[in-house]
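> Prediction below, plus the sequence it came from.
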Amino acid sequence: MSALEDIMTAKEAAERWGLAPITVRQACTGYKKAPPRFINTEARKSAGTWLVTRAGMERLYGPEPKH
């Protein structure tokens, strides 16, 4: 698996894990009642788009479901 396959947009990650996109975005940014859930090495914002790692998604939401 290439390194690029381990990085995805928050929207793509949400689709692959069967989550709502807002769930992954809030894990990146935090919200009023909770801090961000991803650590610095698992998510970052690039030109207005949140990028997340497979490792971060697996840590928070478990292995990617097989569809």
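All right, it came through fine.
> rest of the way, CA atoms for contacts and neighbours
Will do.
> Closest to the geometric centre of the protein, which residue is that? Let me know.
Val52 (4.1 Å; Cα atoms, centre = their mean).
> Find the residue closest to that residue in space, skipping its chain neighbours.
Ala43 (4.3 Å; Cα to Cα, 6 or more residues apart in numbering).
> residues in contact with Pro35?
Contact analysis of Pro35 by Cα atoms under 8 Å, 6 or more residues apart in numbering lists Thr29.
> If you could redo that for Trp17, that was the one I meant.
Taking Cα under 8 Å, 6+ apart as the test, what Trp17 contacts is 61, 64-65.
> let's see it at 10 Å
Counting by Cα atoms under 10 Å, 6 or more residues apart in numbering, Trp17 makes contact with 24, 57-58, 61-67.
> Return the backbone torsion pair for it.
phi -100, psi 0 (degrees, to the nearest 10).
> quick one: it from Arg44, how far?
Per Cα to Cα, to the nearest Å, Trp17 is found 19 Å from Arg44.
> One more: Gly56?
Taken as Cα to Cα, the span from Gly56 to Arg44 is 11 Å.
> list the residues that contact both of the two?
Phe38.
> ranges for the helices of the protein?
10-17, 21-29, 54-61 (DSSP state H).
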